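In: next input, structure requested:
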Amino acid sequence: MVFYRLLYIFGFCVLLTVSAEAGKRQDFVVTKVSDGDSLRAGAERLRLFGIDAPELKQACTDENGVKYACGQAAKDALKLLLISQKTLSCEIVDIDRYKRKVARCFQADKDISQWLVEKGLAVAYLAYSKDYQSAQQQARHARLGLWNGLFMMPDKWRRAQRTASLPADHIVKSP
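Out: Coordinates of the predicted model:
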């Protein structure tokens, strides 16, 4: 009984912390791009809100049927975007199960999640938000990035990876 009370109190405190941070923007200096939708700012781990980028080991095929590391491509594009301006203004939306801050981040007035989806480097994570659905439809219509070839949705790729049902041609092998 005491355990459940402590668990309840802990959960309530986490909710207070998240709700106190929600709506306010904080500046973060990006020290590392972990992948196409995850960043580090010193000890802080940030997960970009509303999108899902391919995993680093995920393979896709381009319009010519050539396999490429689409997760690495998303990471590289995000790193390139952040070269000139590493400070992001972020609104914390949630804390995920990995204790990362889920955030809507901006470089000046540019919504980073929106930019990644518009370029076809990430998909709108419709299970969590419809905010980037329009950008995804535009990228798909224009056949940009992922939409210019074949790929497996990142969440399906992760699920297949966990169940060992992933075809070998969807995995990028390290040299």
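In: from Ile112, how far out is Leu81?
Out: Counting by Cβ to Cβ, to the nearest Å, the gap from Leu81 to Ile112 is 7 Å. (Each C-beta comes from the backbone N, C-alpha and C, glycine too.)
In: ok, the two, which is more surrounded?
Out: Ile112 (25 against 17; other Cβ atoms under 10 Å).
In: with adjacent residues omitted, what lies nearest to the more buried one?
Out: Cys105 (4.7 Å; Cβ to Cβ, 6 or more residues apart in numbering).
In: helices or strands up against whatever helix or strand that neighbour lives in?
Out: Remark: Cys105 resides in strand 101-107, with elements defined by DSSP states H and E. Under the contact criterion of 3 or more Cβ pairs under 8 Å, 6 or more residues apart in numbering; DSSP states H and E, strand 101-107 touches strand 44-48, strand 87-95, helix 112-118.
In: save these as CSV, and put in mean pLDDT and distance to Gly145 too.
Out: Below are those laid out as CSV (pLDDT from 0 to 100; distance: least, Cβ to Cβ, whole Å):
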stretch, mean pLDDT, distance to Gly145
strand 44-48, 98, 16
strand 87-95, 97, 21
helix 112-118, 98, 9
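In: deepest in the core, which of these is it.
Out: Each of the helices and strands packed on strand 101-107 was assessed for mean neighbour count using mean count of other Cβ atoms under 10 Å. The highest is helix 112-118, with a mean of 24.
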